[in-house]
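Asks: 3D, please:
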Amino acid sequence: LFLLVLGDMGFKMSVVVAVVATLCVVGARGFYLPGVAPRNFESGETIPLLVNRLDSTESILPFDYYSFDFCEPGETIDGTDHGHRGGKISENIGQVLLGERIRHAPHHLEMLRSLQCEPLCKKTYKNTDRTDVKKFMLLAKAIRQEYMNHWIVDNLPVVECTSNCKGGRTADNQPFYRLGFPVGCLFGSEKHIGECTTSNLQNMQGNGMFINNHVDIIIKYHESTEFEGKRIVGVEVQPRSIHHESADHLDCSSSRPAQSFDLKMPHQSDTEEETLEIIWTYGIYFEPSDIKWASRWDSYLHSAESTKIQWFSIVNSLVIVLFLSGMLGVILIRTLHKDIARYNQFDDKEDIQEEFGWKLVHADVFRPPGRPIILSVFVGTGVQLTCMFVVTLFFACLGFLSPATRGGLMTAMVSLWVCFGGISGYVSARVYKMLGGEKWKLNTMLTSTLIPGVVFGVFFILDLLLWGEHSSAAIPFGTLVILAILWFGITMPLTYVGAYVGYKKPAITFPGRTNSLPRQIPNQPMYSRTPVSILMGGILPFGCIFIQLLFILTSVWGHHLYYVFGFLFLVFIILFVTTIESTILLCYFHLCNEDYHWWWRAFLTGGSSALYLFIYDIIFYFREMEVEGKANFFLYFGYSLIVAIIYFITTGTFGFLGCLYFVRRIYGVLKVD
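Replies: Numbers count the residues shown, from 1 in each chain. Predicted coordinates for the structure are as follows:
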């Protein structure tokens, strides 16, 4: 009966996956929860405008907004500075780790108070002044590398419409927005015309560098009798490059042609002293909208990746799961059931000796592997990571960790990893005691320090590189201290508590006895040797995730919104099922060849898809990424290495635990004296 149920396990898992798919996809759009109240603005009330870091698709290095020579709060059009550097906004640990640096902007916005050409400040650059030249060249470098401004109004990211701006009536004919807007653009031999902003392209004249020193801010608001005041439901910008004649003669009309800015460098032989003035201005416009506050993110998400391709990814993964489930069912029901029934019918031991295959290694299959302490540490950490991912994705599907919650996803992952330290200690202790280990203190110490130490070490090296590049992604020293306190002050004690509880439990027993002398393993064919089988075991699990992996890499390095957590949760479940099934199949084939060294091979087979993931990252870097320079190279592959390590430990744990369950069950039904 057990074998029939186990043989039907693949089909039942597929049904569970389908049910979870429906629930997760439905929940993927549930962004706003009860208790999250919108903000109502009265006429004339100040609307805070915040600026975030600048990032680019041509560089992994983000920079603080005020590391460039932009107007700061308190600066005036006459060039004086009566204020201060943009005040910082309190950020959670997730935002700090992601490199977000939110500051107050110098713009002054008031509800329903429109402005056409409001001056901010004037910047003057002399080609004979090294400081001025350095500031201007830094701004020019940001334009050449296509750095984007990211502003925030009422927790909404400011967007720029790039196509179909007038929109249409159907859902497929809506405007397409991109997050933020560029610092400027180049027009000429160096860059393609399509990389300039839409507003500048309308009246582009001449070649050169265009700086978006004027921004028209369009705020869309919603009014209703159900509440008082106005609610902001959209913020759009239209940046332009305008060469104002002077502070007294400002012209921000939309019909004015875009003009370039140029400062001749002093190293040119015929360069004379030259002064360039850039006057920064902005306009504010308000438009009523029928969009409700709860639906204000829909236009942003409509511009994200198409869900049709996501469904194609899911169907592709489900086909692989059904294929593996069918193979597993055939093996368990037809082969194993017949073998066990025939084996248990023999009364003569000589007849038993004539048997061959997986039944002959019953006295060696549970022989402890080499380096059991490392294996138990890996499994304990893998269970901790699995619990972290499952809980995080569950709350993300419910809407708690939507894009509206800035840094919420990373904060949740760090917090859950810290709190689940006891789980890793408990599992590691149970596995280590099962394998006959006695150095429980060393095992507990390694569980709390080995994998976190490796990840933190790589992360710290990358952080040193970011400090050297003066990037905003560099983690402040205070945050590193907080992470160390969370690690050593909370996670490590919880690990010891979990390990203490685990060691107090009785050891997990195995069916049958283990011989004192190990059985000789016959020569294995080439396809059944350990390195080959490990590499084969990672192909199908990676095939389930590679399409979703493309969306994730595109969203992360392309600075797009990623919100389809329902699809991601479903892919995670499919990865879990596929990894277990492929590992069990390969484990069964090796046991049939009388190779009983399955402990480490099960873990390595389950985690082998991490190698394909890292190779895919390499291909993505050289084919899709447009970054250049050694710093970007080391940062990309450093972050990819961290992801590959975490993925390896997690999927390796899937394979090991699934194979452990399988082996204990099939040998538990054998009648062995």
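Asks: in three-state terms, label Leu591 for me.
Replies: Assigned with DSSP: H, G, I helix; E, B strand; the rest coil, Leu591 falls in the helix class.
Asks: quick check: it touching Trp598?
Replies: Yes: counting by C-beta atoms under 8 Å, Leu591 does reach Trp598; the two are 6.9 Å apart. For every residue, glycine as well, the C-beta is placed using N, CA and C.
Asks: for the two, list the residues in contact with both.
Replies: Here Leu591 and Trp598 have 365, 663 as joint contacts, going by C-beta atoms under 8 Å, 6 or more residues apart in numbering.
Asks: can you show me the helices along the stretch 401-550 of the chain?
Replies: 408-419, 421-434, 440-468, 477-486, 492-504, 530-537, 539-557 (DSSP state H, counting those that start in this stretch).
Asks: only the buried residues of the helix or strand hosting Arg665, if you could.
Replies: Taking DSSP states H and E as the definition, Arg665 sits inside helix 630-668. Within helix 630-668, the residues scored as buried using 16 or more other C-beta atoms under 10 Å are 631-632, 635-660, 662-663, 666-667.
Asks: ok, Ile618 - how many residues close by?
Replies: 12 (other C-beta atoms under 10 Å).
Asks: make sure it is indeed in a strand.
Replies: No: checked against three-state DSSP, Ile618 lies outside a strand; its state is helix.
Asks: residue contacts, it?
Replies: 637, 640.
Asks: from Phe551, how far out is it?
Replies: 18 Å (C-beta to C-beta, to the nearest Å).
Asks: tell me the buried residues in stretch 598-615?
Replies: So stretch 598-615, judged by 16+ other C-beta under 10 Å, has buried residues 598-614.
Asks: what's the average pLDDT for that stretch?
Replies: For stretch 598-615, mean pLDDT is 94.
Asks: related to what we said a few turns ago, which of the helices of the stretch 401-550 of the chain sits closest to Asp298?
Replies: helix 539-557 (17.8 Å; C-beta to C-beta).
Asks: tilt between the closest one and helix 630-668?
Replies: 150 degrees (axes from the mean of the first three to the mean of the last three C-alpha atoms, to 10 degrees).
Asks: now helix 539-557, how far from the centre of its chain.
Replies: Mean-position distance between helix 539-557 and its chain equals 11 Å (C-alpha atoms, centre = their mean, to the nearest Å).
Asks: what residues does it touch?
Replies: Residues contacting helix 539-557 (C-beta under 8 Å, 6+ apart): 57, 60, 305, 309-310, 312-313, 316-317, 320-321, 324, 560-562, 564, 567-568, 571, 574-575, 578-579, 582, 606, 609, 612-613, 616-617, 620, 624-625, 636, 651.
Asks: next, format the helices of the stretch 401-550 of the chain as JSON lines and append mean pLDDT.
Replies: Shown next, in JSON lines, are the helices of the stretch 401-550 of the chain (pLDDT from 0 to 100):
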{"stretch": "helix 408-419", "mean pLDDT": "93"}
{"stretch": "helix 421-434", "mean pLDDT": "94"}
{"stretch": "helix 440-468", "mean pLDDT": "94"}
{"stretch": "helix 477-486", "mean pLDDT": "92"}
{"stretch": "helix 492-504", "mean pLDDT": "94"}
{"stretch": "helix 530-537", "mean pLDDT": "88"}
{"stretch": "helix 539-557", "mean pLDDT": "86"}
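Asks: most tightly surrounded among those?
Replies: Mean neighbour count (mean count of other C-beta atoms under 10 Å) peaks for helix 421-434 among the helices of the stretch 401-550 of the chain, with a mean of 25.
Asks: quick one, that one and helix 492-504 angle?
Replies: Using the same axes, to 10 degrees: helix 421-434 against helix 492-504 is 30 degrees.
Asks: one step back: the buried residues of stretch 598-615 in helices, which ones?
Replies: 599-607, 609-614 (DSSP state H).
Asks: quick check, nearest of those to Gly229?
Replies: Leu613 (49.2 Å).
Asks: state the distance from that closest one to Ile314.
Replies: Plainly put, Leu613 is 19 Å away from Ile314 if you go by C-beta to C-beta.
Asks: for the closest residue in space to Gly422 that isn't next to it in sequence, what are its contacts?
Replies: Nearest non-adjacent residue to Gly422, counting by C-beta to C-beta, 6 or more residues apart in numbering: Gly498, 3.5 Å away. Applying C-beta under 8 Å, 6+ apart to Gly498 gives the contacts 421-427, 429.
Asks: the nearest residue to Leu660 once chain neighbours are set aside: what's it in contact with?
Replies: The shortest distance from Leu660 to any non-neighbouring residue, by C-beta to C-beta, 6+ apart, is to Ala602 (7.3 Å). The contact partners of Ala602, taken as C-beta under 8 Å, 6+ apart, are 583, 587, 655-656, 658-660.
Asks: gap between Ile423 and Val391?
Replies: 11 Å.
Asks: picking that back up, looking at the helices of the stretch 401-550 of the chain, which is closest to Gly208?
Replies: Comparison of these against Gly208 by C-beta to C-beta identifies helix 539-557 as nearest, at 29.4 Å.
Asks: now stretch 569-578: how far from the chain's centre is it?
Replies: Centre to centre, stretch against its chain (C-alpha atoms, centre = their mean), the figure for stretch 569-578 is 17 Å.
Asks: ok, now stretch 53-63?
Replies: 16 Å.
Asks: could you give me the buried positions within that stretch?
Replies: Quick answer for stretch 53-63 (16+ other C-beta under 10 Å): 53-57, 59-63.
Asks: give me the number of residues near Leu529?
Replies: If you look again at residue 529, you'll see it is Arg, not Leu. 13.
Asks: need the per-residue pLDDT for it.
Replies: Arg529 is given a pLDDT of 82.
Asks: give me the below-cutoff pLDDT ranges for the chain.
Replies: Judged by pLDDT under 70, the chain has its weakly predicted residues at 1-36, 79-87, 166-173, 187-207, 266-271, 302-313, 328, 331-358, 670-673.
Asks: what lines up beside the lengthiest strand in it in the sheet?
Replies: For the chain, the longest strand by residue count, based on DSSP state E, is strand 275-288. Here strand 275-288 has these sheet partners by DSSP bridges: strand 115-126 (antiparallel), strand 214-222 (parallel).
Asks: let me have those strands in JSON lines, extended by mean neighbour count and distance to Gln524.
Replies: Output for these, formatted as JSON lines (neighbours: other C-beta atoms under 10 Å; distance: least, C-beta to C-beta, whole Å):
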{"stretch": "strand 115-126", "mean neighbour count": "18", "distance to Gln524": "72"}
{"stretch": "strand 214-222", "mean neighbour count": "21", "distance to Gln524": "68"}
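Asks: quick one: closest of these to Asn149.
Replies: strand 214-222 (8.5 Å).
Asks: and the closest one, how far out from the chain's middle?
Replies: With C-alpha atoms, centre = their mean, you get 31 Å for strand 214-222.
Asks: stretch 372-385 now?
Replies: On C-alpha atoms, centre = their mean, the centre of stretch 372-385 falls 23 Å from the chain's centre.
Asks: can I get the CA coordinates of that stretch in PDB?
Replies: The C-alpha coordinates for stretch 372-385 follow below in PDB (Å, rounded to 0.1, in the frame of the first residue of the first chain):
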ATOM      1  CA  PRO A 372      29.600  13.800   8.000                       C
ATOM      2  CA  ILE A 373      30.100  17.000  10.000                       C
ATOM      3  CA  ILE A 374      30.300  19.100   6.800                       C
ATOM      4  CA  LEU A 375      27.300  17.300   5.300                       C
ATOM      5  CA  SER A 376      25.200  17.900   8.400                       C
ATOM      6  CA  VAL A 377      26.200  21.600   8.400                       C
ATOM      7  CA  PHE A 378      25.100  22.000   4.700                       C
ATOM      8  CA  VAL A 379      21.800  20.300   5.300                       C
ATOM      9  CA  GLY A 380      21.000  22.300   8.400                       C
ATOM     10  CA  THR A 381      21.800  25.600   6.600                       C
ATOM     11  CA  GLY A 382      19.800  24.400   3.600                       C
ATOM     12  CA  VAL A 383      16.700  23.800   5.700                       C
ATOM     13  CA  GLN A 384      17.100  27.300   7.300                       C
ATOM     14  CA  LEU A 385      17.300  28.900   3.800                       C
END
